[in-house]
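Participant: Using only what follows, build the 3D model:
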Amino acid sequence: MPRLSRSLPAIAALAGASVLHAATPDPALLGCWRAAKIVLHSPDGTTAEDTSGRCTLQFKEDLFESVCKTSSNGVATTTYRYRVVRPQVYAATMAGSTFKTEMVGTTREYEYRVQRGRLRTVTVPPPMVSAAAATTSRVETDADKVACP
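Facilitator: Numbering: from 1, shown residues only. Take a look at the predicted model:
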C-alpha cells in the first residue's frame, strides 16, 4: 500500500464532514483523538494508508476540528459542523479548511464506534446507486483518545 504524505490533508478532509447543530451530541465522541491509522480506499480499488499519527480530531458539542501536520504544507486545519443522525452515525459538513476549500459545504456520513479509548470511523456510502456513488472514496480511521491541548 502506498504511504500517504501529500494526500494526508485530503484524507483528513474526507475523514470528517459536518451538518447543522447537534441537538444532543454523543458524549463518547467529545474530546480529542489522535489518528493511529487512516486508510483511503479509492474507487479504482487502490488503498493508501497513513500511520504517522500526524492528525488529531477535537470533537465539541456541534463541531469538530481536524488538524494534520504535513511534510509539505506545515499544518492543514479543517472544521466541520456535525450531528448524530441515527445511532452510531454522524453527518458532518465541512465548514472551513486551509487545504481543501473546494469541499467546503459538502456533507458525508460516518459510522462510528467508541470502545476502550479508541474511535473507529468509516464513511457511509451515499444512498444513491449511481455513477457518482461508484466514484466515492471510502475512508476508515482508527484514533486513540488523547488529552486536548
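Participant: List the buried residues of the helix or strand containing K37.
Facilitator: K37 belongs to strand 31-41 when elements are defined using DSSP states H and E. Buried residues in strand 31-41, defined by neighbour count with 16 or more other Cβ atoms under 10 Å: G31, C32, W33, A35, A36, I38, V39, L40, H41. Using the backbone N, CA and C atoms, a C-beta is placed for each residue, glycine as well.
Participant: Kindly indicate which of those lies nearest K60.
Facilitator: Distance to K60 across these (Cβ to Cβ) is lowest for G31, with 9.0 Å.
Participant: So what are the sheet partners of the strand of greatest length in the chain and their directions?
Facilitator: Ranked by residue count under DSSP state E, the longest strand found in the chain is strand 74-86. According to DSSP bridges, strand 74-86 forms sheet pairs with strand 63-70 (antiparallel), strand 89-97 (antiparallel).
Participant: Pipe those into a markdown table and attach mean neighbour count, mean pLDDT and distance to T51 per row.
Facilitator: Listed next are those as a markdown table, based on neighbours: other Cβ atoms under 10 Å; pLDDT from 0 to 100; distance: least, Cβ to Cβ, whole Å:
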| stretch | mean neighbour count | mean pLDDT | distance to T51 |
| --- | --- | --- | --- |
| strand 63-70 | 21 | 93 | 13 |
| strand 89-97 | 20 | 96 | 23 |
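Participant: Tabulate those strands in CSV, adding columns for distance to D26.
Facilitator: What follows is the strands paired with strand 74-86, written out as CSV (distance: least, Cβ to Cβ, whole Å):
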stretch, distance to D26
strand 63-70, 12
strand 89-97, 8
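Participant: Which of those sits closest to T141?
Facilitator: Per Cβ to Cβ, nearest to T141 of those: strand 63-70, 9.9 Å.
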